[in-house]
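**Student:** sequence plus predicted model, see below.
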Amino acid sequence: MNWPHRVVVTGVGVVSPVGNDAPSYWAALREGKVGIGQPTAVPPELLLKEVVAEVKDFDPARYFDDRALAPLDRVSQFAVVAAREAVAQSGLDFGDGLGDRTAAIVGTGIGGSSTIDESYKRLYRDNATRIYPLTVPKLMPNAPASQVSMHIGLRGPSFGVVSACSSATHAIGLAFQMVRAGIADAAVTGGAEACITLGALKSWEALRVQATDTCRPFSRDRRGLVIGEGGAIVVLETLNGARARGADILGEIVGVGMSADARDLTNPDVDGMTLAITRCLSDAGLTADDVDYINAHGTGTLANDLTETKALKSALGARAPRIPASSTKSMVGHALGAAGALEFIATLMAIRDNVAPPTMGYLGPDPACDLDYVPNAARPMKIDVALSNSFAFGGLNAVLAARRFA
Amino acid sequence: MADVTADVVAIIAKKIPGEKKDVKVTDKLTDIGLESIDALEMIFDLEEKFGIQIPYNANSAAADFSTVGDVVKAIQKLVDEKPA
């Protein structure tokens, strides 16, 4: 299909468990730094020994004054901080009318988890008769998108995207489609999550899928996922726009594929995953032979990792074993609605630097997971085209394709 | 301590699909149609019923709980070890 525009990335921003800006995040991933440990935001004695991947040393006062901070749940703080970094890197000036034509599309899995938790604690445990007046606008799942639009000054299409662990990938995919089709000239898009709260962790605990050691995607003796948090935002714009202003182009988005399993609520599905991957390749005009690297969904659960392995084989055929596929969740945990954006940025950086980030915590092969997962050390290698996979609870799948800009 | 078999079997029977609820301790959980979400609900109901904490991780569950009898045995142990 002939679209009006090619879409390039000119800015990235990150708040993550291994670094609170994009350069330190990517440097940590290359070094195999694992940001997983005991929770500090929730008393560990109230949990069943699950480990988490918390954002460290994030002082909101460094980024916001008291007045600006009041309506911002931690999830929106992450989104806005990451957006500011991405916009600054892009060098875009939204003041000359471009802001009217720029989208702000930000995914989240839950929304204002801290605000929900604190408000309910006041009501049900402390028997308070009133709660904080901005509770509703703080906790709404569209708050990160709204706050990004307000803080950056964007008046184009703006909304939150909710598809659990695929939210950010769907958000970036939608923004990509809008810019490609000429609906928006640029987009500030990605995801945010801040769900390391007692209520959210007890809910995950009830699903019995969290690891108590660390996250070991695709490894033998893996014991489940590790809940993470963070924010990751990218700036997309048309190739023509980026060229006209001489912008530094970090990479090109060339395709998105989306699908629903329409089967089980929580069990992953080979067919649904395969559809999303093949649709992404088709949208991008790529074949399996073009793909050099895959940032896998790789949660570290028994079910995801063996199902994703099957889907990669099904979608990529004989080439699947020759395409390195790593899971950076082994280092930053699973940041749910932010995960897809964190991983898309890792994918872009992998292309830029020709380095596949590792799957840390890998103990050895599981017979059911027999692909190349880049175990325990980053790998310098030629990467021109890469995919970033996200597969969510509810059976909602999204895959992005990125290519070196040349 | 009281035998938990009847209660455990009743809770499992409630979680499986279909009309036929003749659950035996020798039955494999997968054979009687207990799916992953059913298993989570079963664990929750057992913990609530007996006031215990079952160390269950879905990522290693197949090895821990294969048959109805395995679940009975694990619950009996936890109930027997529970402080009075």
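**Tutor:** Structure received.
**Student:** spit out the contact partners of the most centrally placed residue in chain B.
**Tutor:** The centre of chain B sits closest to residue B:71, judged by CA atoms, centre = their mean, with a distance of 4.2 Å. If a contact means CB atoms under 8 Å, 6 or more residues apart in numbering or on different chains, then residue B:71 has B:8, B:12, B:29, B:42, B:46, B:65 as its contacts. Quick note: C-beta positions are derived from backbone N, CA and C, even for glycine.
**Student:** residues contacting the third one?
**Tutor:** Neighbour list for residue B:29: B:12, B:39, B:65, B:66, B:67, B:68, B:71 [criterion: CB under 8 Å, 6+ apart].
**Student:** which of those tops the neighbour count?
**Tutor:** Greatest neighbour count in these, by other CB atoms under 10 Å in any protein chain shown, goes to residue B:71: 27 neighbours.
**Student:** in the helix or strand where that one lies, what counts as buried?
**Tutor:** Secondary structure from DSSP states H and E places residue B:71 in helix B:68-81. By 16 or more other CB atoms under 10 Å in any protein chain shown, the buried positions in helix B:68-81 come out as B:68, B:69, B:71, B:72, B:73, B:74, B:75, B:76, B:78, B:79.
**Student:** stretch A:97-113 now?
**Tutor:** So stretch A:97-113, judged by 16+ other CB under 10 Å, has buried residues A:98-99, A:101-113.
**Student:** circling back: for the helix holding residue B:71, the distance to its chain's centre please.
**Tutor:** Counting by CA atoms, centre = their mean, to the nearest Å, helix B:68-81 is centred 8 Å from the centre of its parent chain.
**Student:** what's near enough to touch the residue lying closest to residue B:51 once chain neighbours are set aside?
**Tutor:** Distances taken as CB to CB, 6 or more residues apart in numbering or on different chains place residue B:82 nearest to residue B:51, at 7.0 Å, with adjacent residues excluded. Shown here is residue B:82, whose contacts under the criterion CB under 8 Å, 6+ apart are B:50, B:51, B:52.
**Student:** give me the neighbour count for the second one.
**Tutor:** For residue B:51, the tally of surrounding residues (other CB under 10 Å) stands at 9.
**Student:** ramachandran angles for it?
**Tutor:** Per-residue torsions, residue B:51: phi 60, psi 40 (degrees, to the nearest 10).
**Student:** would you mind measuring from it to chain A?
**Tutor:** 16 Å (CB to the nearest CB, to the nearest Å).
**Student:** before we move on, what about the first one?
**Tutor:** Taking CB to the nearest CB as the criterion, residue B:50 is separated from chain A by 17 Å.
**Student:** settle this for me: that residue is touching residue B:78, isn't it.
**Tutor:** Yes: the criterion here is CB atoms under 8 Å, and residue B:50 meets it with residue B:78 at 7.1 Å.
**Student:** pull up the distance across stretch A:88-100, start to finish.
**Tutor:** From its first residue to its last, stretch A:88-100 covers 18 Å (CA to CA, to the nearest Å).
**Student:** closest one to residue A:70 out of the contacts of residue B:29, please.
**Tutor:** residue B:39 (44.0 Å; CB to CB).
**Student:** who's in contact with the closest one?
**Tutor:** Going by CB under 8 Å, 6+ apart, residue B:39 touches B:15, B:29, B:58, B:61, B:65.
**Student:** likewise residue A:362?
**Tutor:** By CB under 8 Å, 6+ apart, the residues touching residue A:362 are A:216, A:217, A:218, A:219, A:330, A:373, A:375, A:376.
**Student:** ok so, going back, ok, the contacts of residue B:29 vs chain A, which is closest?
**Tutor:** residue B:39 (8.4 Å; CB to the nearest CB).
**Student:** anything in the host helix or strand of residue A:303 near chain B?
**Tutor:** Under the criterion of DSSP H and E, residue A:303 resides in helix A:302-316. Yes: Helix A:302-316 comes into contact with chain B (CB under 8 Å from any CB of the partner chain), by way of A:302, A:303.
**Student:** next: stretch A:392-406.
**Tutor:** No: applying CB under 8 Å from any CB, one finds stretch A:392-406 out of contact with chain B, separated by at least 11.2 Å.
**Student:** distance between the ends of that stretch?
**Tutor:** In stretch A:392-406, first residue to last residue: 33 Å (CA to CA).
**Student:** tell me the mean pLDDT for it?
**Tutor:** Across stretch A:392-406, pLDDT averages out at 96.
**Student:** same deal with stretch A:261-277?
**Tutor:** The average pLDDT within stretch A:261-277 is 95.
**Student:** repeat that for stretch A:209-216.
**Tutor:** Summarised as a single mean, pLDDT over stretch A:209-216 is 97.
**Student:** for the host helix or strand of residue A:25, list every residue counted as buried.
**Tutor:** Secondary structure from DSSP H and E places residue A:25 in helix A:22-31. Neighbour-count burial for helix A:22-31 flags A:22, A:25, A:26, A:28, A:29, A:30 (criterion: 16+ other CB under 10 Å).
**Student:** tell me the helices and strands packed up against the lengthiest helix in chain A.
**Tutor:** Determined from DSSP state H, the single longest helix within chain A is helix A:74-90. Applying 3 or more CB pairs under 8 Å, 6 or more residues apart in numbering or on different chains; DSSP states H and E, one finds that helix A:74-90 contacts strand A:7-15, helix A:22-31, helix A:113-120, helix A:143-152, strand A:186-193, strand A:230-238.
**Student:** sorry, back to before: which among the contacts of residue B:39 gets closest to residue A:227?
**Tutor:** Closest approach to residue A:227 among the contacts of residue B:39 (CB to CB): residue B:58, at 14.9 Å.
**Student:** residues near that closest one, how many?
**Tutor:** Neighbours around residue B:58, by other CB under 10 Å: 20.
**Student:** ok, the nearest residue to it once chain neighbours are set aside - contacts?
**Tutor:** Of all residues not flanking residue B:58 in the chain, residue A:208 sits nearest, at 4.5 Å (CB to CB, 6+ apart). Counting by CB under 8 Å, 6+ apart, residue A:208 touches B:40, B:43, B:56, B:57, B:58, B:61.
**Student:** assign the first one to helix, strand or coil.
**Tutor:** With DSSP: H, G, I helix; E, B strand; the rest coil as the basis, residue B:40 sits in helix.
**Student:** just checking, it touches residue B:54?
**Tutor:** No: counting by CB under 8 Å, residue B:40 does not reach residue B:54; the two are 10.9 Å apart.
**Student:** contacting residues around the closest residue to residue A:76 other than its chain neighbours?
**Tutor:** Nearest non-adjacent residue to residue A:76, counting by CB to CB, 6+ apart: residue A:147, 4.3 Å away. Applying CB under 8 Å, 6+ apart, we find residue A:147 in contact with A:71, A:72, A:76, A:79, A:80.
**Student:** identify, from the contacts of residue B:39, the entry nearest to chain A.
**Tutor:** Out of the contacts of residue B:39, the member with the shortest distance to chain A (by CB to the nearest CB) is residue B:58, at 4.5 Å.
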